[in-house]
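Student: Provided below are the primary sequence and the corresponding predicted coordinates.
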Amino acid sequence: MASERNTDLAASSPRVRDAFGVICVLGITQIVSYGSVFYSFSLLMEPLQLALDAGKSVTVGAFSFALVIAGLCATHIGATIDRIGGRIVMTIGSIAAGLLLIALSRVESVIGLYAVYACVGAAMAAILYEPAFAVLTRIFAANARRAITTLTLFGGLAGTVFWPLTQHLMAHFGWRDTLVILGALNLLLCAPLHLMFLPGRAPRKDSAATTDGGARDSKTLREVLREPAFYFLGGAFMANGLIFSALSVHMLQMMQSKGLTVATAALVGALVGPMQVTGRIVELTLGQRFSIVRVGLLAMAMLPIALLVFAASGLQLWPLVVFALMYGLSNGVVTIVRGAMPAQLFGREHYGAVSGALAMPQMFALASGPFLVSLIWVATGGNYDRVLVVLSALSATGVGFFYAAIRAHRKMA
């Protein structure tokens, strides 16, 4: 049966010599996709404001709108990957992303900005982690967790590579031509790689089912939507996503409010990225000995503790370093948990649709997190320590949701 599965994969993608090659291809395209359409925005935000004579909130709103659209499209795109595989979906997504980045380079109005970013959101849903995880789950079946972990090691480099690269390009060519170059990377690198190396269709259901029985126990999206575990898990990921997006915007200001200079705050914040990668390496080497449920509980439980350490740090530097280390480890591993848990709880056969449905509330949280934290900041009298306590309580609620999802699933089993 294993030979049938390998034959089917080879037939669907004759250029793939081994399944690990797919991870490498997706690793390269994830770095480019995240770097060009996601991380680049923080550098493009100010030039867009100046070019369009728009306020910061208006410009940021366009990117938030893209995340909302990505969430709305995620379920449909995931279900499409379930049916036909990832080759066509991710190839079209990369072509669209490339053309839209070029279109963004020529935008002249706020209406045009929002129109382009609405379409960028749809492209995001076809090229970022969720569709890539769906492809790997189809190919690797019961071993998808290790494949997902390996892929996130590549993805963790996206900001490291593209922040300095985008800044360098903007300094030499200006922001408009930089967008053309970023668009060309999607068109000339990502799209051909997706087309040539990804499986064109999913492995046959009978061969997938015989691997470990997991596919036989898979539930359709309609069945999953009847289970409380789905909503608890969605709530856990939504809380985590809201905190991640909020800290991405507000963390340096929070540190400066404690008396740190901009340079020191940036240095402490820079620890988060390497710790995310470290967390994923630990999960790949040691975490595989434990169930993804236990790993997920530990990773999520670290976040509320880290936030309380941040809130209680006062004027001392070392607690902020501890926060950055714990937060980076937690966030790095939770990305893997987000990819592996849908298959663990609901099976692999309809993974794309289920993971897409779970991504929807998380995308909404990513879009709204910075704004909601601004409201909390105002409501708490402009005190970031109180904001951190609120976020810690929200994070603890997310841990409770995660545990409730596990309990609810066991009751249904």
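Tutor: Received, thanks. Residues are numbered from 1 along each chain as shown.
Student: buried stuff in stretch 184-203?
Tutor: Neighbour-count burial for stretch 184-203, counted by 16 or more other C-beta atoms under 10 Å, picks out 185-187, 189-191, 193-195, 197-199, 201-203. No exception for glycine: its C-beta is placed from N, CA and C like everyone else's.
Student: Among those residues, name the ones in helices.
Tutor: Judged by DSSP state H, helices contain the following of those: 185, 191, 193-195, 197.
Student: which stretches of the stretch 301-413 of the chain have low pLDDT?
Tutor: 413 (pLDDT under 70).
Student: Out of the buried residues of stretch 184-203, which comes closest to Gly112?
Tutor: Asn186 (19.8 Å; C-beta to C-beta).
Student: What distance do you get for the residue nearest to the closest one when sequence neighbours are not counted to Thr29?
Tutor: Using C-beta to C-beta, 6 or more residues apart in numbering and skipping residues adjacent in sequence, the residue nearest Asn186 is Gly98, 3.5 Å away. According to C-beta to C-beta, to the nearest Å, Gly98 stands 12 Å off from Thr29.
Student: Give me the more crowded residue out of those two.
Tutor: Under the criterion of other C-beta atoms under 10 Å, the comparison of Gly98 against Thr29 puts Thr29 first, with 28 against 25.
Student: by contact count, what packs against the helix or strand containing Ile81?
Tutor: In the assignment (DSSP states H and E), Ile81 maps to helix 56-84. When contacts are defined as 3 or more C-beta pairs under 8 Å, 6 or more residues apart in numbering; DSSP states H and E, helix 56-84 sits against helix 41-52, helix 87-104, helix 110-127, helix 129-140, helix 351-379.
Student: Let me see the contact set for Val354.
Tutor: 78, 219, 221, 224, 230, 342, 346 (C-beta atoms under 8 Å, 6 or more residues apart in numbering).
Student: what do Gly98 and Thr29 both touch?
Tutor: With contacts defined as C-beta under 8 Å, 6+ apart, the residues shared by Gly98 and Thr29 are Cys190.
Student: could you list every residue that touches the nearest residue to Ser330 once chain neighbours are set aside?
Tutor: Spatial nearest neighbour of Ser330, chain neighbours left out: Met302 (4.2 Å); criterion: C-beta to C-beta, 6+ apart. Neighbouring residues of Met302 by C-beta under 8 Å, 6+ apart: 326-327, 329-330.
Student: Equivalent analysis for Ile69, please.
Tutor: With C-beta under 8 Å, 6+ apart, Ile69 has these contacts: 117-122, 124-125.
Student: how near is the residue nearest to Asn186 to Phe237?
Tutor: Look at Gly98 and Phe237: by C-beta to C-beta, they are 29 Å apart.
Student: in stretch 142-154, what counts as buried?
Tutor: Quick answer for stretch 142-154 (16+ other C-beta under 10 Å): 144-154.
Student: Helices - which of the residues you listed land there?
Tutor: 144-154.
Student: Between the two ends of stretch 80-88, what distance do you get?
Tutor: In stretch 80-88, first residue to last residue: 10 Å (C-alpha to C-alpha, to the nearest Å).
Student: ok, residues contacting it?
Tutor: Contacts for stretch 80-88 (C-beta under 8 Å, 6+ apart): 12-13, 89, 131-132, 134-135, 138, 194-195, 198-202, 349-353.
Student: at 7 Å what do you get?
Tutor: With C-beta atoms under 7 Å, 6 or more residues apart in numbering as the test, stretch 80-88 has contacts from 12, 89, 131, 134-135, 138, 194-195, 198-202, 350-353.
Student: try stretch 227-241
Tutor: Against stretch 227-241 from outside (C-beta under 7 Å, 6+ apart): 224, 300, 303, 334, 338, 341, 345, 358, 361-362, 365-366, 394-395, 397-398, 401-402, 404-405, 408-409, 412.
Student: Need the buried ones from the residues you listed selected in PyMOL.
Tutor: To isolate the buried ones among the contacts of stretch 227-241 in PyMOL, judged by 16+ other C-beta under 10 Å, type:
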select buried, resi 224+300+303+334+338+341+345+358+361+362+365+366+394+395+398+401+402+404+405+408+409
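Student: Give me the subset of the contacts of stretch 227-241 lying in helices.
Tutor: Using DSSP H, these in helices are 224, 300, 303, 334, 338, 341, 345, 358, 361-362, 365-366, 394-395, 397-398, 401-402, 404-405, 408-409, 412.
Student: can you pull the contacts of Gln362?
Tutor: 237-238, 241.
Student: Tell me the spacing between the residue nearest to Val373 when sequence neighbours are not counted and Val22.
Tutor: Nearest residue to Val373, sequence neighbours excluded (C-beta to C-beta, 6+ apart): Ala246, at 4.1 Å. Distance of Ala246 to Val22, given as C-beta to C-beta: 34 Å.
Student: still on that earlier bit, format the ones in helices among the buried residues of stretch 142-154 as a markdown table; extra columns: distance to Phe38 and pLDDT.
Tutor: Listed next are those as a markdown table, based on distance: C-beta to C-beta, whole Å; pLDDT from 0 to 100:
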| residue | distance to Phe38 | pLDDT |
| --- | --- | --- |
| Ala144 | 23 | 91 |
| Arg145 | 24 | 91 |
| Arg146 | 25 | 91 |
| Ala147 | 22 | 93 |
| Ile148 | 18 | 94 |
| Thr149 | 20 | 93 |
| Thr150 | 20 | 93 |
| Leu151 | 16 | 94 |
| Thr152 | 14 | 93 |
| Leu153 | 17 | 90 |
| Phe154 | 14 | 90 |
